[in-house]
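J.: Everything below, folded, please.
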Amino acid sequence: MTLKKLIAYLPLFVALILPCQSQPMPEMRIEEKFRIREASNILKLYGEMIWTGIKETPFSILLVTDSIEYLVNHPSPSEDFTLMGNDSILSSKIYFRKAVFNKHFLATFPAVNGINTIVVGTPENTKSNSSEWIITLLHEHFHQYANSSREYYTSVNQLDLSGGDKTGMWMLNYPFPYTDSTITLQYKNYTHALLRTLSATCPDSFEVYFKVYVIERERLQHLLKPADYRYFSFQIWQEGIARYTEYKFLELLDDYEPSKEILALPDFISFRVLRQAFYKNQVDRITNWNLSDRQRQCFYALGFSEGLILDRLDSKWTKNICLISFTSNTTACVLTRRSS
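T.: Residues are numbered from 1 along each chain as shown. As a prediction, this is how the structure comes out:
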């Protein structure tokens with residue numbers, strides 16, 4: 001190409017190059033950075049008081065916005081992510097890509113390069129305030145912690161509940177007999193006994209209610225098919241104890257002083273106020289939520305309650321139990337040993 005022709009084409013080259021150069025790099029909202037940093041700080045300060053080794057588990061988060069996903073604290077991003085740079089607020093590299101997952105997501109699974117990652121929408125899209133959103137990240141981090149065991153997936157497979165489903169969706173869609181009238185009647189007996197035990201204020205009444213509770217729980221077990229009871233136990237452990245973990249963090253935060261950036265957020269409420277509302281909300285669900293209507297959602301409050309009962313039986317039970325022992329029904333085994 002001659003110099004004359006090159007000069008003639010130069011405006012076209014410039015026109016093609018300039019739009020690429022002018023496209024701005026997407027920017028993660030600073031409020032989200034503050035919230036993730038707060039959850040990370042809480043985890044570092046208090047995590048080991050609840051579960052040994054939890055703070056060593058990677059706190060990988062994929063924040064899903066309306067159009068972009070931001071990856072934080074991930075040790076091995078897949079090739080479809082682009083590096084934004086090192087972020088001084090999060091002390092982490094941030095990567096981004098066009099949004100893939102639903103912006104309302106709130107789940108933990110091997111979402112990026114086979115590594116368990118919290119996939120979460122913004123507080124607005126998950127209908128949470130800042131305080132709830134921060135604590136929910138810690139709920140999801142419990143899943144990362146439990147799932148990080150090399151034996152986790154082997155143990156889940158040994159439950160023999162998937163029915164050939166390789167996607168993991170059986171955990172949500174398992175055909176539990178939620179509407180069976182015999183099951184729902186005994187479920188009511190069980191949950192009323194659970195609530196009385198949880199609400200007992202003195203040791204003597206706790207002992208009396210606890211023995212009745214164990215009987216009602218065993219009656220429910222005997223009515224369920226073995227596979228259905230394995231699913232029941234698995235959900236109480238996986239989701240219920242995660243909900244319990246949220247509350248244990250809130251208990252430890254009564255005297256915690258959040259960062260000034262978090263305190264300045266307009267939707268922040270104190271963790272003490274959140275703890276009180278959280279407890280009432282979960283306790284109300286024990287007997288007010290019908291198994292036939294709420295189905296799997298009921299198991300969260302049950303595991304939360306059983307975790308608190310275990311605290312009264314043995315304050316160090318979380319330090320002395322195998323994370324994958326849901327296969328032998330952790331809570332029931334501990335409760336039964338205590339009642340004998």
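J.: use CA for all of it now, contacts and neighbours both
T.: Noted.
J.: Outline the domain layout of this structure.
T.: Per automatic domain parsing, the domain ranges recorded for the chain read 30-147, 152-339.
J.: and those, which is most packed in?
T.: domain 30-147 (a mean of 18; mean count of other Cα atoms under 10 Å).
J.: Start and end of that domain, how far apart?
T.: 30 Å (Cα to Cα, to the nearest Å).
J.: same thing with stretch 145-157?
T.: Terminal-residue distance, stretch 145-157 (Cα to Cα): 18 Å.
J.: Same question for stretch 249-260.
T.: 20 Å.
J.: tell me the mean pLDDT over it?
T.: For stretch 249-260, mean pLDDT rounds to 96.
J.: And stretch 182-201, by the same measure?
T.: 97.
J.: Then stretch 113-120?
T.: The model assigns stretch 113-120 a mean pLDDT of 96.
J.: How far away from the center of its chain is that stretch?
T.: 12 Å (Cα atoms, centre = their mean, to the nearest Å).
J.: Not counting that stretch itself, show me its contacts.
T.: The contact list for stretch 113-120, computed with Cα atoms under 8 Å, 6 or more residues apart in numbering, reads 59-64, 74, 76-78, 101, 103-111, 126, 137, 140-141, 144, 147-148.
J.: The helix or strand encompassing His222 - contacts with which helices or strands?
T.: Using DSSP states H and E, His222 falls within helix 203-223. Helix 203-223 makes packing contacts with helix 181-199, helix 330-339 when contacts are defined by 3 or more Cα pairs under 8 Å, 6 or more residues apart in numbering; DSSP states H and E.
J.: and the domains of the chain as a markdown table, adding distance to Pro24?
T.: Output for those, formatted as a markdown table (distance: least, Cα to Cα, whole Å):
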| stretch | distance to Pro24 |
| --- | --- |
| domain 30-147 | 11 |
| domain 152-339 | 26 |
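J.: For these, which has the smallest mean pLDDT value?
T.: Among the domains of the chain, domain 152-339 scores lowest, with a mean of 90.
J.: Relative to the whole chain's centre, how far out is that one?
T.: With Cα atoms, centre = their mean, you get 13 Å for domain 152-339.
J.: Same check on stretch 37-49?
T.: Worked out by Cα atoms, centre = their mean, stretch 37-49 lies 15 Å from the chain centre.
J.: again with stretch 87-97
T.: Distance, stretch centre to chain centre, for stretch 87-97: 22 Å (Cα atoms, centre = their mean).
J.: what does it rub up against?
T.: 26, 33-34, 36-37, 68-73, 77, 80-86.
J.: Done for today, thanks.
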